[in-house]
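Student: here you go, sequence then predicted model.
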Amino acid sequence: MSEERTEISSLGEFGLIEHLTKNIEHQNASTILGVGDDAAVIDHFGKQTVITTDLLIEGVHFDLMYTPLKHLGYKSVVVNVSDIYAMNATPTQITLSLAVSNRFSLEALEEFYDGVYVACEEYGVDLVGGDTTSSNKGFVISVTAIGEVAPDQFVKRSTAKPNDLICVSGYLGGAYLGLLLLEREKKIFLETKGVQPDLENRDYIVGRLLKPEARRDIIEFFEKEKIVPTAMMDISDGLSSEVLHICKQSGVGAVLYEDKIPVHPDAKEFAYKLEIDPTACALSGGEDYELLFTLAQSDYDKIKDVNGIRVVGYVTEAAEGAHIITRGGNKHQLTAQGWNAFSK
């Protein structure tokens, strides 16, 4: 029995938006007016507003051969709220715009929106607007996230200071290894008729790519412990690239220690199977959506025993440059080989 398929064109643009957004319930007092008017109205009651936008393009940022639409909807929200958390702020609203070709049915878009709504509920954000249009080919997603922060509590990339600790949340490199596995299985599937993909029960690395999570828990921990990082950003392009961003914008140098960089045992094991270096995956992989932040040394006692936060190095004077010290004690210049949206 074939699945039901409703052509998007049968609804028209306004009918489509109304259909996909008819059950929205607002979660934030700051959302005064949402979907259904010419513009949304938001009042953050004296707090400062943080805004970020991301584009996700089929064939550049995701491959629908192995990315379920519900997961894609979820991830589209997560990658944006992660940027809000990276400012030490709380996400409150998103807008979502799509360009879709006629190869997508209404049911396919409903599946995508299901993922969007699950993420909105998980992170306490309201979908308050957006746009839909047709695309000649492929699927284009644009999400804008809006957040709030107490006056002057936002954290920039440009304010790290020499002798600060360099810290990361969670594990790094897993999403990149998940991508390698899925790309390998896609290639085999396309080249060998009848062969079904074998993901080897590697749920951890596949999940890190297809359904990442943003680190709200870390921001809540900072608030509880009255910690304000000296600089922060999320890790979307690999640790080395992000550390170099902070170094450049803060006018500082850095030292990282290879043996301090956290890689999950499942990711390590798969990297060894592929005969690649797990540290290289963490440094250059990307899409982990963990937080990279610098702290004053006076905050060390507050974070030293916290599960999920690791000190991986320290900030130096700019003249010393940015380096990594290997397990063997060798010192190498840190280079950015992270994922580049313009490299394809």
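Tutor: Noted; the coordinates are in hand. Numbers count the residues shown, from 1 in each chain.
Student: could you pull up the mean pLDDT of the strand or helix carrying residue 168?
Tutor: Using DSSP states H and E, the element containing residue 168 is strand 165-169. Model confidence over strand 165-169, given as mean pLDDT, is 98.
Student: helix or strand right after it?
Tutor: For strand 165-169, the succeeding helix or strand toward the C-terminus, using DSSP H and E, is helix 174-191.
Student: how about that following helix, which residues are buried there?
Tutor: 174-182, 185, 189 (16 or more other Cβ atoms under 10 Å). Placement of C-beta: from N, CA and C, glycine included.
Student: quick check: nearest residue in space to residue 98, chain neighbours excluded?
Tutor: Take residue 98 and drop its neighbours on the chain: the residue closest to it by Cβ to Cβ, 6 or more residues apart in numbering is residue 132, 5.0 Å away.
Student: moving C-terminal of the host helix or strand of that neighbour, what's the next helix or strand?
Tutor: Under the criterion DSSP H and E, the helix or strand holding residue 132 is strand 126-134. Downstream of strand 126-134, the first helix or strand assigned by DSSP H and E is strand 139-149.
Student: re earlier: for the strand holding residue 132, name the packing helices and strands.
Tutor: Strand 126-134 makes packing contacts with helix 12-21, strand 31-33, strand 90-100, helix 106-123 when contacts are defined by 3 or more Cβ pairs under 8 Å, 6 or more residues apart in numbering; DSSP states H and E.
Student: buried stuff in the helix or strand where residue 300 lies?
Tutor: Element membership of residue 300, judged by DSSP H and E, is helix 300-303. By neighbour count with 16+ other Cβ under 10 Å, helix 300-303 contains the buried residues 302-303.
Student: list the neighbouring strands of the helix or strand following that helix plus their orientation.
Tutor: Sequence order places strand 309-317 as the next helix or strand after helix 300-303, per DSSP H and E. Using DSSP bridges, strand 309-317 pairs in its sheet with strand 165-169 (antiparallel), strand 252-257 (antiparallel).
Student: so which of these is the most surrounded?
Tutor: When you average the neighbours per residue for each of the strands paired with strand 309-317 (mean count of other Cβ atoms under 10 Å), strand 165-169 leads with a mean of 24.
Student: run the chain-centre distance for that strand.
Tutor: Offset of strand 165-169 from its chain centre (Cα atoms, centre = their mean, to the nearest Å): 17 Å.
Student: residues in contact with that strand?
Tutor: Applying Cβ atoms under 8 Å, 6 or more residues apart in numbering, the set of residues contacting strand 165-169 from outside is 215, 218, 235, 239, 243, 254, 256, 261-262, 290-297, 299-300, 303, 308-315.
Student: swap in stretch 186-196?
Tutor: Residues outside stretch 186-196 that contact it (Cβ under 8 Å, 6+ apart) are 63, 65-66, 197.
Student: what's the spacing between that stretch and its chain's center?
Tutor: Taking mean C-alpha positions (Cα atoms, centre = their mean), stretch 186-196 and its chain are 30 Å apart.
Student: could I have the CA atoms of that stretch written out in CSV?
Tutor: Coordinates of the C-alpha atoms in stretch 186-196 are reproduced here as CSV (Å, rounded to 0.1, in the frame of the first residue of the first chain):
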residue,chain,number,x,y,z
LYS,A,186,25.8,5.5,1.2
LYS,A,187,28.7,4.8,-1.2
ILE,A,188,28.3,1.0,-0.8
PHE,A,189,24.5,1.2,-1.1
LEU,A,190,24.8,3.2,-4.4
GLU,A,191,27.5,1.0,-5.9
THR,A,192,26.3,-2.5,-4.8
LYS,A,193,22.8,-3.5,-5.8
GLY,A,194,20.8,-5.1,-3.0
VAL,A,195,23.2,-4.3,-0.2
GLN,A,196,21.6,-2.8,2.9
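Student: let me see the mean pLDDT of that stretch.
Tutor: Stretch 186-196 comes out with an average pLDDT of 85.
Student: tell me if residue 267 really is in a helix.
Tutor: Yes - Residue 267: assigned to a helix according to DSSP: H, G, I helix; E, B strand; the rest coil.
Student: tell me the contacts of it?
Tutor: Neighbours of residue 267 in contact, by Cβ under 8 Å, 6+ apart: 171, 173-174, 177, 204-205, 208, 278, 281.
Student: just put these in TSV and tack on distance to residue 81.
Tutor: Written out in TSV, the entries for those read as follows (distance: Cβ to Cβ, whole Å):
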residue	distance to residue 81
171	19
173	22
174	19
177	24
204	22
205	22
208	17
278	28
281	24
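Student: so where's the chain shaky on pLDDT?
Tutor: Low-confidence regions of the chain, defined by pLDDT under 70, span residues 1-3, 8, 11-17, 20, 22-23, 33-40, 337-344.
Student: could I get the strands paired with strand 309-317 as CSV with distance to residue 5?
Tutor: What follows is these, written out as CSV (distance: least, Cβ to Cβ, whole Å):
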stretch, distance to residue 5
strand 165-169, 42
strand 252-257, 51
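Student: tell me which of those sits nearest to residue 159.
Tutor: In this view, the strands paired with strand 309-317 are compared for proximity to residue 159 by Cβ to Cβ, and strand 252-257 is the closest at 9.9 Å.
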